[in-house]
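Novice: how would this look folded up:
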Amino acid sequence: MKKSLRAEYPLIYLNCAALPESVAESELFGHVKGAFTGAISHRSGKFEMADNGTLFLDEIGELSLALQAKLLRVLQYGDIQRVGDDRSLRVNVRVLAATNRDLREEVLEGRFRADLFHRLSVFPLLVPPLKERGEDIILLAGYFCEQYRQRFGLSSVVLSSSLQRYLLNYSWPGNVRELEHAIHRAVVLARASIDTGDIILQPQYFIFDNNEYEFTETSKKVIPLTKNLREATDDLSA
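Specialist: The predicted structure follows:
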């Protein structure tokens, strides 16, 4: 497969939903010394850091309209202006954006700029919800098992066959984040009840935060996250 010409350059990630409005512009475009209280030195923004490479803007629908206008300018003219600086800096950045919002609806409601939406929609990809991607569920669960195996210094963390069926039957309203958190909780619970470093995750180690799930194996129980730890332990041992 042919590599992109940007493959050797930085790939920079920014979660727009985690940006306080007061620092968002500085995070994107950088600032100069003295630009605001606390700006004790020059700081490059994400666009500058991604020059010649790629900037991935996650949850772009969370940006304010004011920042959307400044982002649009960068995409149109290829230059940025650091906070507190009257000079422009040329950048060559490929922008990838993701959102869990319906941006067409956001445009109609006046929460997202139509011109920015069309500028970003050069090659849109619609990723189906996790519940519609059965193969991905098992692959991702295995990946997270390995991540938490390493974090906790365990010999092995694997999914039982009954748990795989369990995961495939669940609706995953929180998508990949919910799956990761579910695996994390399951590993923590399993470690507390297993003395060895080899863990086989079973359905009883899983706790979900909604009551929609109906598990076909009636010998297993799903415990809502609203229950406290003592109630959960009592239910699992019943």
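
Novice: Could you report the neighbour count for residue 139?
Specialist: Other residues within reach of residue 139 by the criterion other C-beta atoms under 10 Å amount to 11. In short, each C-beta sits where N, CA and C put it, glycine included.

Novice: scratch that, residue 134
Specialist: 13.

Novice: Test my guess that it contacts residue 168.
Specialist: Yes: taking contacts as C-beta atoms under 8 Å, residue 134 lies within contact range of residue 168: 5.3 Å.

Novice: Please name the nearest non-neighbouring residue to residue 166.
Specialist: residue 203 (4.5 Å; C-beta to C-beta, 6 or more residues apart in numbering).

Novice: any chance you could map the helices in the protein?
Specialist: Shown for the chain, the helices assigned by DSSP state H span residues 21-29, 46-49, 65-77, 103-108, 114-120, 134-152, 161-169, 175-193, 229-237.

Novice: Comparing those, which stretch has the densest surroundings?
Specialist: helix 46-49 (a mean of 20; mean count of other C-beta atoms under 10 Å).

Novice: what about that helix, average pLDDT?
Specialist: Helix 46-49 comes out with an average pLDDT of 96.

Novice: who does that helix touch, helix- and strand-wise?
Specialist: Contacts defined by 3 or more C-beta pairs under 8 Å, 6 or more residues apart in numbering; DSSP states H and E place helix 46-49 against strand 11-15, helix 21-29.

Novice: now the ones you listed in TSV, with mean pLDDT and distance to residue 4?
Specialist: Putting the helices and strands packed on helix 46-49 into TSV (pLDDT from 0 to 100; distance: least, C-beta to C-beta, whole Å) gives the following:
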stretch	mean pLDDT	distance to residue 4
strand 11-15	96	10
helix 21-29	90	23
